[in-house]
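Undergrad: can you look at this prediction? I've put the sequence above it.
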Amino acid sequence: MTLTATLREADLVRPLPKGYVQCRACAHYCAIAEGGVGKCGVRRNFGEKLYLVTYGKAAAVHLDPVEKKPLYHFHPGEAILSLGAVGCNLFCAFCQNWPISQFREFKVTPEGQLDRPIGEDWPPEAIVEKAEALGVRLLAYTYNEPAVWIEYAHDTAKLAKERGMKNVFVTSGFETEEAWEYIRPFLDAANVDLKGFTEEFYRKICGARLKPVLESLEHLVAQGVWVEVTTLLLEGHNDAPEEIRAMARFLKGLSPEIPWHLTAAHPDYRMRDLRPTRHSTLVRAYEIAKEEGLRFVYVGNVLDEERSSTHCPDCGRLLLRRRGYRVETRWATPGVCPGCGRRIPGVWTG
């Protein structure tokens, strides 16, 4: 890892008086003084201009199954090249990727000199070339919140789209509408974390707010982006039946066919005393979601073949059998139930 950063002037910014700049990438709308930094730690004001200081610096690049994002109705069984950088605009006490997402305390000069490594050099061209060399046509912007490095994601996604690839955001949904419009021409799918359903949970546990996340979900669905939703269930914090029911009703209002992934948490970061999510807790939430009319509900981070597989909601026919992240059984005609002919929503081919 090198100690030189490439500073990319931000595209989502508004100048303010007295040398301040306002970042428009996420719903914090940070007003940043000269020499200052946004809450994410990676968007900084040099010379009264806002810069992304992690441009082309990936802290993680991995080849994953697309089911790991998790996406179950978007090219199931395919590999996806995943990348992430340091920094985040949320402060989730339970963060499972905290060594990179909560890494904000580093120094960088206006000339790009770093006091410690923040990632390896992976400019957009190198990422896309790596995907081509691997024979992969899917790219994921993940591991930390891609909104905070959205110019890097934008430039990579644009190049990937030109090469016939598809792009996925794995996101907290705390973007601004401007950020979504900025990335929208190159975005094919998103998995949005709906972390809870109260402002108190978002404020105390995540350092954010619920309303912008709900607005992001509404916006993405309205814009035709393929959306799946994930909720990491933290026992005693966001798993109350009434909260699960409220989330299910909100999602059904977006679309009863939106896939919802209910996943198990483990103790991590600042919640090391957290009880690992019990299978029974996941099953209870699953049953509530189904009662509320959601047609595609899944449990994750546990082995539950029945509730992680895709079935036709009309005739019950098994369409895609999953064991962990592995797809073991596939339908003959993707997107159509062979039992009753029902069309199953998703992005299956092409």
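TA: Cool, the structure landed.
Undergrad: now do the contacts for residue 249.
TA: The contact partners of residue 249, taken as CB atoms under 8 Å, 6 or more residues apart in numbering, are residue 292. For glycine as for every other residue, the C-beta is placed from the backbone atoms N, C-alpha and C.
Undergrad: shift numbering so it begins at 727
TA: Will do, 727 is the new start, and the previous item becomes residue 975.
Undergrad: what about it, distance to residue 774?
TA: With distances defined as CB to CB, to the nearest Å, the gap from residue 975 to residue 774 amounts to 46 Å.
Undergrad: same question for residue 786.
TA: Residue 786 sits 32 Å away from residue 774, going by CB to CB.
Undergrad: which of these two has more neighbours?
TA: Of the pair residue 786 and residue 774, residue 786 is the one with more neighbours under other CB atoms under 10 Å, namely 18 against 15.
Undergrad: what residues does stretch 793-802 touch?
TA: 792, 803, 806, 808, 864, 866, 868, 892, 894, 896, 914-915, 917, 952, 954, 956, 985, 987, 989, 1022, 1024, 1026, 1034, 1036, 1046, 1048, 1051-1053, 1056, 1070-1074.
Undergrad: just give me how far that stretch sits from the chain centre.
TA: Here stretch 793-802 shows a centroid-to-chain-centroid distance of 12 Å under the convention CA atoms, centre = their mean, to the nearest Å.
Undergrad: okay, how far is it across that stretch, tip to tip?
TA: Counting by CA to CA, to the nearest Å, you get 7 Å between the two ends of stretch 793-802.
Undergrad: now for the least confident helix or strand in the chain by mean pLDDT, which elements pack on it?
TA: Considering only helices and strands, the least confidently modelled element of the chain by mean pLDDT, DSSP states H and E is strand 1052-1055, at a mean of 87. Taking 3 or more CB pairs under 8 Å, 6 or more residues apart in numbering; DSSP states H and E as contact, the helices and strands that strand 1052-1055 lies on are strand 1044-1049.
Undergrad: strands paired with the strand it packs on, and their directions?
TA: strand 1036-1037 (antiparallel), strand 1052-1055 (antiparallel) (DSSP bridges).
Undergrad: quick one: the first one to chain centroid distance?
TA: Taking the mean C-alpha point of strand 1036-1037 and that of its whole chain, the gap between them comes to 23 Å (CA atoms, centre = their mean).
Undergrad: and what of stretch 858-870?
TA: The answer for stretch 858-870 is 14 Å, by CA atoms, centre = their mean.
Undergrad: contacts for it next, please.
TA: When contacts are taken as CB under 8 Å, 6+ apart, the neighbours of stretch 858-870 outside the stretch itself are 785-786, 789-790, 792, 795, 801, 804-814, 823, 826-827, 853-854, 857, 879, 882-883, 886, 889-897.
Undergrad: for PyMOL, write a command that selects the buried ones of those residues.
TA: Here is the PyMOL command that picks out the buried ones among the contacts of stretch 858-870, judged by 16 or more other CB atoms under 10 Å:
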select buried, resi 785+786+790+792+795+801+805+806+807+808+809+810+811+812+813+814+823+826+827+853+854+857+879+882+883+886+891+892+893+894+895+896+897
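Undergrad: what about the stretch 727-876 of the chain, any weak spots by pLDDT?
TA: For the stretch 727-876 of the chain, applying pLDDT under 70 flags the ranges 727.
Undergrad: how about the helices in it?
TA: All helices of the stretch 727-876 of the chain, identified by DSSP state H, counting those that start in this stretch, fall at 824-827, 850-860, 876-888.
Undergrad: out of those helices, which is closest to residue 999?
TA: Taking CB to CB as the measure, the helices of the stretch 727-876 of the chain were each checked against residue 999, and helix 824-827 came out nearest at 15.5 Å.
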